[in-house]
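Asks: here is a sequence with its predicted model. Questions after.
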Protein chains: 2
Amino acid sequence: MSGLPSAPAPAPERKTGSAPPPARGAGIAPAPTRTAAAGRPYAVAARELLRDTLFDAARRELEHRGWSEVTMADIAAAAGVSRQTLYKEFGSRDEFAQAFVLREGDRFVRSVEGALDAYRDDPKAALTAAFGLFLAAAAEDPLIRAAIAGDGEMLPFVTTHGQPLVAHAAERLCGAILARWPQAAAHDAALLAECLVRLAISYATLPLASAGMTASSITELLGPYIDRALGLDC
Amino acid sequence: MSGLPSAPAPAPERKTGSAPPPARGAGIAPAPTRTAAAGRPYAVAARELLRDTLFDAARRELEHRGWSEVTMADIAAAAGVSRQTLYKEFGSRDEFAQAFVLREGDRFVRSVEGALDAYRDDPKAALTAAFGLFLAAAAEDPLIRAAIAGDGEMLPFVTTHGQPLVAHAAERLCGAILARWPQAAAHDAALLAECLVRLAISYATLPLASAGMTASSITELLGPYIDRALGLDC
DNA sequence: CGCACAGTGTAAACTACGCGGACAGGAATT
DNA sequence: AATTCCTGTCCGCGTAGTTTACACTGTGCG
């Protein structure tokens, strides 16, 4: 709960005219899905759980204080883990920050994917919606606010030392694009994705106008390229 | 995925007339929620993960063979864990079966809670819907089918040795009822819950008519009691 | 009938992970 | 200059999980 919009689920297919007796809206949960997809060996699941626990702990800590105020001991304690375990999993404070920022980026990409699904038929509208959503969310996200507000001690991880973040997020986004508009050339999608990620980071750290305005501008700017890449005009 | 109905989500509040530019339907995922609610210490999360991994492994194994065909080694292997770990977590094969059946029961109760939410205003309709949903799901659930079809070697765990299951499921259901209709007396809710659980097990193992028919009959039978318990007629 | 086979349950030693405490180094505070 | 706090690292310990092995039981097969 970060004071953000609601759930991503596209549309759970709501039946309208069913009488009271028959079931309405619910179903058996397929499976707790705690063990993720299917048969993931416990060992790797446990490792991932450890990392996630630490990341979540860090996120909680960062909602109140800035990155420089939060010590490794705080994070470890909040995760119910010893400080040494933290250091063993991630080598150093900076490495942890890297990994953390990376995962946060993933979080945004995931939500953007949801926005894309809503406009599968209209790539440009999808871009506008996704970018606008991203900006609006970023503006409210306590983590981002902390990263900017706090003496900016976390900024290097998304800028000067942000290469991994950009690369990872771009790859993720590129995959998302290609999955939805397969007719696009891989090269075009990659270029577009990286450019978008960089713009997103830029506008997130240095907001200009309103989220909707900025998103529209970006779409205006990149629209022609998208049209050509997706071959909608030939 | 057990060949069952779809998602429980009541209704994600769909805006109807929003123009293309603004965001539609999506939002930032609040948090991966892998580490459950909030700050659960890693240790307990890991333990739970282990149990869940084992349960899920068993469930997967049981989709193909019957309980007697599945060995402890199979389950352990499918979970990516040694046989001894399984024995340490649950003392014996029977204890594991107990715990497993218990958790499966929980799964059903959870889904029933979803159905209840859909008819918060009409307890009897909620009951009909929930019971009908349960029966329909149970009829399709591979686990239940296996429990009945397989030489019935798992039946004792829901009947003669099913006391823990009944008690646990009833308590869970009772809580669900009281949470939604607080005006009900605890005693009435408990009685109703236990009765319903027993009926559910009975009809699940020995189906009679169609799911909807049976659910209606149950509601017809228990309706007066519900009316009185919830004080809707005084 | 006896015998191998398969599965349960237990016990041992071994490994790996996470924990606690402690300590050197460095930066900021006083 | 002294103190304090945090980082990063070390070592010893306890526990969880692995591996191997071995009784015990029932079942099928020669």
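Replies: Yes, it's here.

Asks: okay, the closest residue to A:V81 other than its chain neighbours: pLDDT?
Replies: Taking CB to CB, 6 or more residues apart in numbering or on different chains, and ignoring the residues beside it in sequence, A:V81 has B:Y42 as its nearest neighbour in space, at 4.9 Å. No exception for glycine: its C-beta is placed from N, CA and C like everyone else's. In this prediction, B:Y42 carries a pLDDT score of 95.

Asks: what about the helices in chain A?
Replies: Secondary structure of chain A, counting by DSSP state H: helices at A:42-62, A:72-78, A:83-89, A:93-118, A:123-140, A:142-149, A:163-180, A:186-205, A:211-230.

Asks: low pLDDT regions in chain A?
Replies: A:1-38, A:149-152, A:231-234 (pLDDT under 70).

Asks: which one of the helices of chain A lies nearest to DNA strand C?
Replies: Proximity of these to DNA strand C was assessed by CB to the nearest atom of the strand; the nearest stretch is helix A:83-89, lying at 3.1 Å.

Asks: can you give me the buried ones in that closest one?
Replies: For helix A:83-89, burial by neighbour count (16 or more other CB atoms under 10 Å in any protein chain shown) applies to A:L86.

Asks: show me what that helix is packed against.
Replies: Packing contacts for helix A:83-89, counted by 3 or more CB pairs under 8 Å, 6 or more residues apart in numbering or on different chains; DSSP states H and E, involve helix A:42-62, helix A:72-78.

Asks: how about these in CSV, adding distance to DNA strand D?
Replies: As requested, these are arranged in CSV below (distance: least, CB to the nearest atom of the strand, whole Å):
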stretch, distance to DNA strand D
helix A:42-62, 6
helix A:72-78, 4
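
Asks: show me what from chain A comes close to DNA strand C.
Replies: Those residues of chain A that sit near DNA strand C, judged by CB under 7 Å from any atom of the strand, are A:46-47, A:50, A:80-85, A:88-89.

Asks: of the helices and strands packed on helix A:83-89, flag the one that's most buried.
Replies: Burial of these is given as mean neighbour count (mean count of other CB atoms under 10 Å in any protein chain shown); helix A:42-62 ranks first at a mean of 20.

Asks: on that earlier part again, now distance to B:A176 too, for the helices and strands packed on helix A:83-89, in CSV please.
Replies: CSV is the format used below for these (distance: least, CB to CB, whole Å):
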stretch, distance to B:A176
helix A:42-62, 28
helix A:72-78, 31
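
Asks: so which of those gets nearest B:R198?
Replies: Set against B:R198 and scored by CB to CB, the helices and strands packed on helix A:83-89 come closest in helix A:42-62, at 35.0 Å.

Asks: around DNA strand D, pick out the residues from chain A.
Replies: Proximity of chain A to DNA strand D is assessed by CB under 7 Å from any atom of the strand, with A:42-43, A:71-73, A:83-84, A:87, A:91-94 identified as the residues in range.
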